[in-house]
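A.B. asks: Kindly generate the corresponding structure for this input.
(chains A and B)
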2 protein chains.
Amino acid sequence: MQKVEEHWVCGGLQQVWRHDSHTLNCAMQFAVFVPPQASQAPCPVLYWLSGLTCNEQNFITKAGAQRYAAEHGVVLVAPDTSPRGEGVADDAAWDLGQGAGFYLNATESPWKPHYQMYDYVLNELHALVLASFPVVDKRSVSGHSMGGHGALVLALRNPHAFCSVSAFAPIVAPTQVPWGEKAFSAYLGEDRAAWQQYDAVALINSGHRVKDLLVDQGLGDNFYEEQLKTGLLKTACEQQNLPHTIRLQGGYDHSYYFIATFVGEHIAWHAKHLCQ
Amino acid sequence: MQKVEEHWVCGGLQQVWRHDSHTLNCAMQFAVFVPPQASQAPCPVLYWLSGLTCNEQNFITKAGAQRYAAEHGVVLVAPDTSPRGEGVADDAAWDLGQGAGFYLNATESPWKPHYQMYDYVLNELHALVLASFPVVDKRSVSGHSMGGHGALVLALRNPHAFCSVSAFAPIVAPTQVPWGEKAFSAYLGEDRAAWQQYDAVALINSGHRVKDLLVDQGLGDNFYEEQLKTGLLKTACEQQNLPHTIRLQGGYDHSYYFIATFVGEHIAWHAKHLCQ
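C.D. replies: Model (predicted):
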């Protein structure tokens, strides 16, 4: 594992690391913010999953999350959004292939050899983080858009692995919207039964649960009605009596300005669960 | 004047505007953050001057300043760092020409027709801001690196125009360092007497004053010793009995991570002066 970047920020260290992933069969970068508290005692971890077209840089340069992580003593880990590199399958579109891994395990050609982001984030990356940084084995997960989908799916399928889950403008029902239909068709094939394990609304409706969830959705978000469909998550939570805080934020769009506005509240919320 | 971008952030609006500048003889973009308080009453203005290679985007996407401006009721205005466009003189180097205007009025060919950033920021942009946004005619100025130089020079030469000045890792004595010598030779010619009006340390040593100044400088900054030379500013302030708070911050580098760490303290400091 090789350190690619290191910057002091808010009393802690923002780092970027590169390693050879055996799950994804390629070199991967991920970002880690180590808060000042970690020099005294190991800290819990919040994973951040970014959205389409992003890599590990967007969250660490634009969200301003380090300040809150430093307040609460939380390590932030932000992986890339897909496998990368010349030998890795790709597509000319920005919503498929590199930068668009959808946090699933692909079963179809040509994606299967590298596109295993679900296993990577859940298992390989977490094991690496536990072995390499001053952390305790307590983790939560959050994310944006495609990464909000990833966060919800990971937590719903592994409720004992994650202390809490939140999301910004998540794709709550990818099996019902164009982004998800396109990606799942490519990565998982045409059998829609196989898609359900990566759809937060479908998981909730089939009985998967988390203790609580926090979602913020901007009402000025151009993707809200066609791709994100927050209302489907609210309905599923209500029908399944799943505790939820789903907030519709007037005016806010799909950008990191929206994330920067509310990330402090999300980190405080995760810190409360992580430090119980 | 044309609105290019608008995003809700921290309860206010982050906008980017485009206009035809008669001072620079080209189209220019600048960013404005309008805090929530401005819907009740006009607010004072903090100008942010960015460093080499930047445009109006760097500060608004990476510094996380909007949160503090929204706390204190301060409008933030971030201009570009130089004139831009096909008809504007340029250089292949990143420290001369477009992206490197050095906040001065060029007197030499081929720079003179467009490179008039000192007048642009001091006069044209401020008049436009006063005419177009919910602001009162009270302003302060801050900036980073080349922009820290610009902020110090503007305030030292116009102490009644600016309520306060601060800087992050400023080029405090451009006439004594490679970046400044290269740029000033090109823009102002070889007569070094003409350079002194754009050199903060020279201005202080010749009797220019501000009420107070705040400077943060990272000790992990690769440009500290060769280009920035914060010690020269400290010495000049001490010799001229100019009140100053110059802080050397262990570990921090030249990046926006450094700015993001301390920008809240700078905005609080400006707000105190702007709201007196």
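A.B. asks: how about A:Ala200, what does it touch?
C.D. replies: Neighbouring residues of A:Ala200 by C-beta atoms under 8 Å, 6 or more residues apart in numbering or on different chains: A:His149, A:Leu152, A:Val153, A:Leu156, A:Pro170, A:Val172, A:Ala173, A:Leu233, A:Ala236. Any C-beta I mention is one placed from the backbone N, CA and C, and that applies to glycine too.
A.B. asks: any chance you could map the strands in the stretch 101-250 of chain A?
C.D. replies: A:135-143, A:162-168, A:213-218, A:244-249 (DSSP state E, counting those that start in this stretch).
A.B. asks: got a pLDDT number for A:Leu76?
C.D. replies: With respect to pLDDT, A:Leu76 scores 98.
A.B. asks: so how many other residues sit close to it?
C.D. replies: Each residue near A:Leu76 was counted by other C-beta atoms under 10 Å in any protein chain shown, and the total is 26.
A.B. asks: Contacts made by stretch A:239-257 with the rest, please.
C.D. replies: So stretch A:239-257 is contacted by A:58-59, A:62-63, A:145, A:169, A:204-205, A:207, A:209-223, A:230, A:233-234, A:236-237, A:258, A:261-262, B:7-9, B:14, B:61, B:66 (C-beta under 8 Å, 6+ apart).
A.B. asks: Quick one: mean pLDDT over it.
C.D. replies: 98.
A.B. asks: With just CA atoms, put that stretch into CSV.
C.D. replies: This file holds the C-alpha atoms of stretch A:239-257, laid out as CSV (Å, rounded to 0.1, in the frame of the first residue of the first chain):
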residue,chain,number,x,y,z
GLN,A,239,-45.3,0.2,5.2
GLN,A,240,-42.6,-1.8,7.0
ASN,A,241,-42.5,0.4,10.1
LEU,A,242,-38.9,1.1,9.6
PRO,A,243,-37.7,4.2,11.6
HIS,A,244,-36.6,6.9,9.2
THR,A,245,-35.8,10.5,8.9
ILE,A,246,-36.3,11.6,5.3
ARG,A,247,-35.9,15.3,4.8
LEU,A,248,-36.9,17.2,1.6
GLN,A,249,-34.7,20.3,1.5
GLY,A,250,-36.2,23.2,-0.5
GLY,A,251,-34.0,24.6,-3.2
TYR,A,252,-31.0,22.4,-2.9
ASP,A,253,-29.7,20.7,-6.0
HIS,A,254,-27.6,17.5,-6.6
SER,A,255,-24.2,19.1,-6.1
TYR,A,256,-21.6,19.0,-3.4
TYR,A,257,-23.0,22.4,-2.2
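A.B. asks: and A:Cys26, bridged to which residues?
C.D. replies: Assessed by DSSP bridges, A:Cys26 has beta-bridge partners A:Ser21.
A.B. asks: ok, it - contacts?
C.D. replies: Contacts of A:Cys26 (C-beta under 8 Å, 6+ apart): A:Asp20, A:Pro83, A:Arg84, A:Gly85, A:Gly87, A:Val88, A:His114.
A.B. asks: wait, A:Asn205 sits on A:Thr235?
C.D. replies: No: using C-beta atoms under 8 Å, A:Asn205 makes no contact with A:Thr235, being 9.2 Å away.
A.B. asks: Which residues of the stretch 51-200 of chain A lie near chain B?
C.D. replies: Residues of the stretch 51-200 of chain A lying close to chain B by C-beta under 8 Å from any C-beta of the partner chain are A:Thr61, A:Lys62, A:Gly64, A:Gln66, A:Arg67.
A.B. asks: closest to B:Glu108 among the contacts of A:Ala200?
C.D. replies: A:Pro170 (55.2 Å; C-beta to C-beta).
A.B. asks: Find the nearest non-adjacent residue to the closest one, please.
C.D. replies: A:Gly148 (2.5 Å; C-beta to C-beta, 6 or more residues apart in numbering or on different chains).
A.B. asks: And for A:His22, the neighbour number?
C.D. replies: 10.
A.B. asks: Now it. Nearest residue, chain neighbours left out?
C.D. replies: Nearest one to A:His22, counting by C-beta to C-beta, 6+ apart, is A:Glu124 at 6.8 Å.
A.B. asks: Format the contacts of A:Ala200 as a markdown table; extra columns: neighbour count.
C.D. replies: Conversion of the contacts of A:Ala200 to a markdown table gives the following (neighbours: other C-beta atoms under 10 Å in any protein chain shown):
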| residue | neighbour count |
| --- | --- |
| A:His149 | 31 |
| A:Leu152 | 32 |
| A:Val153 | 28 |
| A:Leu156 | 24 |
| A:Pro170 | 32 |
| A:Val172 | 31 |
| A:Ala173 | 23 |
| A:Leu233 | 26 |
| A:Ala236 | 20 |
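A.B. asks: Looking at the residues of the stretch 51-200 of chain A next to chain B, which are in helices?
C.D. replies: A:Thr61, A:Lys62, A:Gln66, A:Arg67 (DSSP state H).
A.B. asks: so who does the closest residue to chain B within the stretch 101-250 of chain A touch?
C.D. replies: Relative to chain B, the nearest point of the stretch 101-250 of chain A is A:Gly220 (6.4 Å; C-beta to the nearest C-beta). Counting by C-beta under 8 Å, 6+ apart, A:Gly220 makes contact with A:Gly250, A:Gly251, A:Tyr252, A:Asp253, B:Trp8.
A.B. asks: Could you measure from it over to A:Tyr198?
C.D. replies: 28 Å (C-beta to C-beta, to the nearest Å).
A.B. asks: before we move on, what about A:Thr53?
C.D. replies: 19 Å.
A.B. asks: So for those two, which sits in the more crowded spot?
C.D. replies: Taking other C-beta under 10 Å, A:Thr53 and A:Tyr198 do not tie; A:Tyr198 has more neighbours (26 against 14).
A.B. asks: who's in contact with that one?
C.D. replies: A:Tyr198 neighbours (C-beta under 8 Å, 6+ apart): A:Phe102, A:Tyr103, A:Leu104, A:Tyr118, A:His149, A:Val153, A:Pro174, A:Thr175, A:Phe184, A:Leu188.
A.B. asks: So which of the residues you listed sit within helices?
C.D. replies: Using DSSP H, the contacts of A:Tyr198 in helices are A:Tyr118, A:His149, A:Val153, A:Phe184, A:Leu188.
A.B. asks: Ramachandran angles for the closest residue to the second one other than its chain neighbours?
C.D. replies: The reference is to A:His149. Distances taken as C-beta to C-beta, 6+ apart place A:Ile171 nearest to A:His149, at 4.1 Å, with adjacent residues excluded. Recorded main-chain torsions at A:Ile171 are phi -80, psi 100, according to degrees, to the nearest 10.
A.B. asks: roughly how far apart are the residue nearest to A:His22 and A:Trp17?
C.D. replies: 13 Å.
A.B. asks: How about A:Gln227?
C.D. replies: In terms of C-beta to C-beta, A:Gln227 sits 32 Å off from A:Trp17.
A.B. asks: A:Val88 contacts A:Ala100, doesn't it?
C.D. replies: No: when contacts are counted by C-beta under 8 Å, A:Val88 is not listed as touching A:Ala100 (12.0 Å).
A.B. asks: Overlap of the contact sets of the two?
C.D. replies: Joint contacts of A:Val88 and A:Ala100 (C-beta under 8 Å, 6+ apart) are A:Ser82.
A.B. asks: which one of the two has more residues nearby?
C.D. replies: Neighbour tally, A:Val88 and A:Ala100, criterion other C-beta under 10 Å: the higher count belongs to A:Ala100, 25 against 19.
A.B. asks: ok, what's across the strand from the most centrally placed residue in chain A?
C.D. replies: With distances taken as C-alpha atoms, centre = their mean, A:Leu49 lies nearest the centre of chain A, 2.4 Å away. Note on A:Leu49: beta-bridge partners by DSSP bridges are A:Gly143.
A.B. asks: can you pull out the helices in chain A?
C.D. replies: A:57-62, A:66-72, A:117-119, A:126-132, A:146-157, A:178-188, A:200-205, A:230-239, A:256-274.
A.B. asks: list the buried ones in stretch A:191-204?
C.D. replies: A:Trp195, A:Gln197, A:Tyr198, A:Asp199, A:Ala200, A:Val201, A:Ala202, A:Leu203, A:Ile204 (16 or more other C-beta atoms under 10 Å in any protein chain shown).
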